[in-house]
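Student: Dropping a prediction and its sequence here:
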Amino acid sequence: MTCTDFLKQLTDYFDGQVEPELLAEVQTHVRECHHCEVVLDTTRQTISIYREHEIYEFPAELRERLHAAIMKKCTGAR
């Protein structure tokens, strides 16, 4: 399984809609790929915060850095 394959399965993973064989592949990939492990953990935390209606305020400096990074990525700048 590649990282792209993993990302394609992410929604189904959280919905519990992944076939057992594919689920085993996803779990193995996440154990072996730190980047996908971070994506999975971050997504899990985001869903948890959303479900619990927690409001999390970023410090102004972090919010500005995050916004700048997102805008840079969206415009294709390197």
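Tutor: Everything's here; your move.

Student: Name the spans of this structure whose pLDDT lies under the cut-off.
Tutor: Where the chain drops to pLDDT under 70, the residues are 54, 77-78.

Student: what's the burial count for C36?
Tutor: C36 is flanked by 20 other residues according to other Cβ atoms under 10 Å. Heads up, the C-betas are built off the backbone N, CA and C, glycines and all.

Student: gap between it and R44?
Tutor: The gap separating C36 from R44 is 12 Å, by Cβ to Cβ, to the nearest Å.

Student: ditto for E21
Tutor: Using Cβ to Cβ, one gets 22 Å for the distance from E21 to R44.

Student: Neighbour count: these two, which is higher?
Tutor: R44 (12 against 8).

Student: Can you tell me the SS state at that one?
Tutor: Three-state call for R44 (DSSP: H, G, I helix; E, B strand; the rest coil): helix.

Student: How about C33: what's its closest non-neighbour residue?
Tutor: In space, and not counting its chain neighbours, C33 is closest to C3: 6.3 Å by Cβ to Cβ, 6 or more residues apart in numbering.

Student: Show me the contact partners of the host helix or strand of M71.
Tutor: Using DSSP states H and E, M71 falls within helix 60-75. Where contact means Cβ atoms under 8 Å, 6 or more residues apart in numbering, the residues beyond helix 60-75 that reach it are F58.

Student: Sort out which residues of it are buried, please.
Tutor: Within helix 60-75, no residue qualifies as buried by neighbour count (16 or more other Cβ atoms under 10 Å).

Student: Now that helix - C-alpha only, PDB.
Tutor: Extracted as PDB, the C-alpha positions of helix 60-75 are listed here (Å, rounded to 0.1, in the frame of the first residue of the first chain):
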ATOM      1  CA  ALA A  60      -2.000  34.600  17.000                       C
ATOM      2  CA  GLU A  61       1.600  33.700  15.900                       C
ATOM      3  CA  LEU A  62       0.700  30.100  15.200                       C
ATOM      4  CA  ARG A  63      -2.500  31.100  13.400                       C
ATOM      5  CA  GLU A  64      -0.500  33.500  11.100                       C
ATOM      6  CA  ARG A  65       2.200  30.900  10.400                       C
ATOM      7  CA  LEU A  66      -0.500  28.300   9.600                       C
ATOM      8  CA  HIS A  67      -2.400  30.600   7.300                       C
ATOM      9  CA  ALA A  68       0.800  31.600   5.500                       C
ATOM     10  CA  ALA A  69       1.800  28.000   5.000                       C
ATOM     11  CA  ILE A  70      -1.600  27.100   3.700                       C
ATOM     12  CA  MET A  71      -1.600  30.000   1.300                       C
ATOM     13  CA  LYS A  72       1.900  29.100   0.100                       C
ATOM     14  CA  LYS A  73       0.800  25.600  -0.500                       C
ATOM     15  CA  CYS A  74      -2.400  26.600  -2.300                       C
ATOM     16  CA  THR A  75      -0.600  29.000  -4.600                       C
END
